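Visitor: Everything below, folded, please.
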Amino acid sequence: MTPGTAPGAGSLPSPNWPPAGVTALAIDLPGHGDDPGPMGDLHGDAAHVSSVLDSLDGPVVLAGHAYGGAVITEAAATRPSPTWSI
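Guide: Numbering: from 1, shown residues only. Below you'll find the predicted structure:
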């Protein structure tokens, strides 16, 4: 889950999400949340998401809200993977 940039956007959608048996990972973009790095642009943020996903095993479903949606779309378009879906 890649949130948007608004305050509180890093929260998961609801207390009942994710469903049982599903692992959720909220990725802090550079300069947001707990990431101390400088803020980046769309392409840098997409590269960051891709690098995090490259470290994971198994299939991945990308979800993003607002700006996070643009980031995951860019990540999927520039580094397609048979284990990623949006």
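
Visitor: Point out where the chain drops to low pLDDT.
Guide: For the chain, the stretches with pLDDT under 70 are 1-15, 17.

Visitor: And the nearest residue to G31 once chain neighbours are set aside, how far from P82?
Guide: Closest residue to G31 apart from its sequence neighbours, by Cβ to Cβ, 6 or more residues apart in numbering: M39 at 3.3 Å. For every residue, glycine as well, the C-beta is placed using N, CA and C. Distance, M39 to P82, using Cβ to Cβ, to the nearest Å: 31 Å.

Visitor: which one of these two has more residues nearby?
Guide: Taking neighbours as other Cβ atoms under 10 Å, M39 and P82 compare with M39 leading, 12 against 6.

Visitor: T78: how many residues sit nearby?
Guide: When counting by other Cβ under 10 Å, one arrives at 11 neighbours for T78.

Visitor: Next up, phi/psi of it, please.
Guide: Torsion angles at T78 (phi, psi; degrees, to the nearest 10) stand at phi -90, psi -20.

Visitor: Wait, it touches S50, no?
Guide: Yes - contact criterion Cβ atoms under 8 Å: T78 and S50 qualify, at 7.4 Å.
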